[in-house]
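# what shape does this take:
(one chain, ligands or ions: 2)
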Amino acid sequence: MHYHQRRIWHVPDSRHTPEAVYAARKLHRRRFLAAMGMGAAGLGLSSLVSGCHRATDTEVLEAGKVDLPETLGERADDPAGSEYDRWEEAKDNKFGARRNPHFEYGRPETKQEEAARYTNFYEFSGGKANFAVVDDFEPHPWKFEVTGECGKPQTFDIDDIYKMMPFEERAYRHRCVETWAMCVPWTGFPLSKLLEKVEPSSGAKFVALQTFDVPNEADEKAGLPTFDGPNMSSVLFSYPWPYTEGLTIEEAMNDLAFIATGIYGQPLAKQHGAPIRLVVPWKYGFKSCKSIVRITLTKEQPATFWNTYMPHEYGFTANVDPEVPHPRWSQETEWMLGTMEKHPTQKYNGYGEHVAELYRA
Ligand SMILES: Nc1nc2c(c(=O)[nH]1)N[C@H]1C(S)=C(S)[C@@H](COP(=O)(O)O)O[C@H]1N2
Ligand SMILES: [Mo]
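Ligands and ions are numbered 1, 2, ... in the order given. Reported below is the predicted structural model:
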C-alpha cells in the first residue's frame, strides 16, 4: 500500500514540542507513543514498547470494552412494527435487536477482534492501535444534543436513547479511504428516526455531527497530561478539532444512514466511537463520525474535519468510487481487515440501489 502518513518529524522545527515537555517524558510516555502511532504502549505492557509483543485477541477485546446497565435490552416499545417482528433474533445481541434481513455483506464477516485492533480515532492517536490508549475514556454517562434548524431542539441522555429507539442490527460493509475495509454488524437505528424527534424545519439543508472537543479533552478522558501549548503530537494538534462531519439532509434521511450504539451485539467498544456514532456505508469511513456530542441541522454546508484540513484529498461528499483515485493512491481495490483479502472497490461501496438516486443530476 502506498500510504503515507505525516508524522511529527515532518513538521517544521517551529512547531515542534518544547524541550520541557520531553523532560517530563516518562510521565508523558503514553501520549508520546500515541502520537508516534504506537498507541499500543498505553496498555502498560512494556514489551509492547519494544515492539515484540502483539496484543492477544483477548487483550484487544478487553481494552475497549464498555459495560452498560443490565437493562440495555429492555426497551419500552418495539416501534419498528410488523416487518420487524418477522426478522430473526440477532445472535447474542445485548440490545435485544433483530437483524435487518435487507442487508448482507456478500463476504465473510470480519472477526470482532480484528476490527477492534485496527481503528482510526485521531483524538487518541495517529496510529491504528487505539484500543490500547482508550482505557480511561469514560463514554458513560453521556449526553448529546440535537439542535439547529428544528422545532424541538433537545439534549438526549444515552440511557434514554437505549430505551426509546427501535434497535436493529445491520450487516454493513465499511470502506476506509485508506483502502482497508471490513464487514461488521452494527446495532442502532436510522439517523432519520433521531432527527424526526427534533422536527427539522424547512431550512434544514445539512446535518453536522461533532465529536467531543480535543485533543486535550481526549487526553483528559484517557487520564493523560494536557498542555496549553503545542504538545507531543504537533501534527495531531494542528488538526482542526473538534472532529466534525456532515451530510446533506437527503443523505441523512436516507434509510442507510445509521446511528450505531453497538457492534457485534455489544455496546460500541471505546475505539469504535462509544457510546454513539454515525455509520454511512456508501461513503468513505471518515464520514462516520465517532463519539458524537452534537448534531446540528444547518442551512449551509458545514465545515468538516478532513475537508478543512486537506480539501483536495477529502471531499465533503466522499462517496466510495473506484474510478476516482485519491491523489496519493488508487481506489480500485480494497483489502479486508484480518484476512488481507483483496476485493475490487464498488461504486457507493455496493449500496447504489439505496443511494444512487440521491446523486442523479
Ligand atoms: N471522531 C472521530 N471519528 C472518526 C474518526 C476519527 O479519527 N475521529 N476516524 C474515521 C475514519 S477515517 C474511519 S475509517 C472510521 C473508522 O471506524 P472504526 O475505527 O470503528 O473502524 O471512523 C471515522 N470516524
Ligand atoms: Mo478512514
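
# could you use CA atoms for every contact and neighbour count after this?
Will do.

# how about the residues of the stretch 151-300 of the chain near ligand 1?
Within the stretch 151-300 of the chain, the positions lying close to ligand 1 (Cα under 6 Å from any ligand atom) are 176, 211, 243, 272, 285, 286, 288, 289, 290.

# surely the fifth one meets residue 176?
So the one you mean is residue 285. Yes. Here residue 285 lies in contact with residue 176, judged by Cα atoms under 8 Å, at a distance of 4.4 Å.

# residue 177 contacts residue 287, correct?
No. Counting by Cα under 8 Å, residue 177 stays clear of residue 287, with 9.8 Å between them.

# of these two, which one has the most company?
More neighbours sit around residue 287 than around the other of residue 177 and residue 287, counting by other Cα atoms under 10 Å; the figures are 28 against 23.

# touching, the more buried one and residue 246? I think so.
Yes. Counting by Cα under 8 Å, residue 246 is a contact partner of residue 287 at 7.2 Å.

# just to revisit the earlier point, could you pick out the buried ones from the residues of the stretch 151-300 of the chain next to ligand 1?
Under a neighbour-count criterion of 16 or more other Cα atoms under 10 Å, the subset of these counted as buried comprises 176, 211, 243, 272, 285, 286, 288, 289, 290.

# beta partners of the second one?
In other words, residue 211. residue 292 (DSSP bridges).

# report the buried residues of the helix or strand encompassing residue 194.
Under the criterion of DSSP states H and E, residue 194 resides in helix 191-198. Residues of helix 191-198 classed as buried: 191, 192, 194, 195, 198 (neighbour count, 16+ other Cα under 10 Å).

# before we move on, what about stretch 56-67?
Buried residues in stretch 56-67 (16+ other Cα under 10 Å): 59, 60, 61, 62, 63, 64, 65, 66.

# for the helix or strand the fifth one falls within, list the C-alpha coordinates in CSV.
Which is residue 63. Element membership of residue 63, judged by DSSP H and E, is helix 57-64. Taking C-alpha atoms only, helix 57-64 is exported to CSV below (Å, rounded to 0.1, in the frame of the first residue of the first chain):
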residue,chain,number,x,y,z
ASP,A,57,-7.2,-11.1,20.8
THR,A,58,-8.5,-11.1,24.4
GLU,A,59,-6.3,-8.1,25.4
VAL,A,60,-7.7,-6.2,22.4
LEU,A,61,-11.3,-7.0,23.2
GLU,A,62,-10.9,-6.3,26.9
ALA,A,63,-9.1,-3.0,26.3
GLY,A,64,-12.0,-1.2,24.7
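
# can you tell if it touches ligand 1?
No. Helix 57-64 stays clear of ligand 1 (Cα under 6 Å from any ligand atom), getting no nearer than 11.3 Å.

# what's that helix in contact with?
Under the contact criterion Cα atoms under 8 Å, 6 or more residues apart in numbering, helix 57-64 has outside partners 43, 113, 114, 116, 117, 131, 132, 134, 135, 269, 270, 271.

# buried members of those residues into ChimeraX, please.
In ChimeraX syntax, the buried subset of those is picked out as below (16+ other Cα under 10 Å):
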select :43,113,114,116,117,131,132,134,135,269,270,271
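
# any low-confidence regions in the stretch 151-300 of the chain?
Low-confidence segments of the stretch 151-300 of the chain, defined by pLDDT under 70, span residues 214-235, 237.

# which positions in it make contact with ligand 2?
Within the stretch 151-300 of the chain, the positions adjacent to ligand 2 are 176, 285, 286 by Cα under 5 Å from the ion.

# residues touching the second one, list them.
Read it as residue 285. 174, 175, 176, 177.

# now, which of those residues lie within strands?
Cross-referencing the contacts of residue 285 with the strands (criterion: DSSP state E) gives 174, 175 as the overlap.

# which residue does the stretch 1-150 of the chain bring closest to ligand 2?
residue 120 (6.3 Å; Cα to the ion).

# for residue 182, helix, strand, or coil?
Reducing the assignment at residue 182 to three states with DSSP: H, G, I helix; E, B strand; the rest coil gives strand.

# how about the helices in this structure?
Taking DSSP state H, the helices of the chain run over residues 19-23, 29-35, 46-49, 57-64, 82-86, 112-117, 158-164, 191-198, 216-221, 234-238, 249-253, 305-309, 352-355.

# measure whichever residue of the stretch 101-250 of the chain sits closest to ligand 2 to residue 321 for me?
When distances are taken as Cα to the ion, the stretch 101-250 of the chain reaches nearest to ligand 2 at residue 176, 3.8 Å away. Between residue 176 and residue 321 the distance is 12 Å, computed by Cα to Cα, to the nearest Å.

# then residue 285?
The gap separating residue 285 from residue 321 is 13 Å, by Cα to Cα.

# what do you get for residue 250?
Applying Cα to Cα to residue 250 and residue 321 gives a distance of 20 Å.

# higher neighbour count, these two?
Neighbours were tallied for residue 250 and for residue 321 using other Cα under 10 Å; the higher tally belongs to residue 321 (20 against 14).

# the more buried one - nearest residue in space that isn't next to it in sequence?
Spatial nearest neighbour of residue 321, chain neighbours left out: residue 347 (4.5 Å); criterion: Cα to Cα, 6 or more residues apart in numbering.

# give the contact list for that neighbour.
For residue 347, the contacting residues are 319, 320, 321, 322, taking Cα under 8 Å, 6+ apart as the criterion.

# separation between the spatially closest residue to the last one that is not a sequence neighbour and ligand 2?
Residue nearest to residue 322 in three dimensions, not counting chain neighbours: residue 332, with 4.4 Å by Cα to Cα, 6+ apart. Look at residue 332 and ligand 2: by Cα to the ion, to the nearest Å, they are 16 Å apart.
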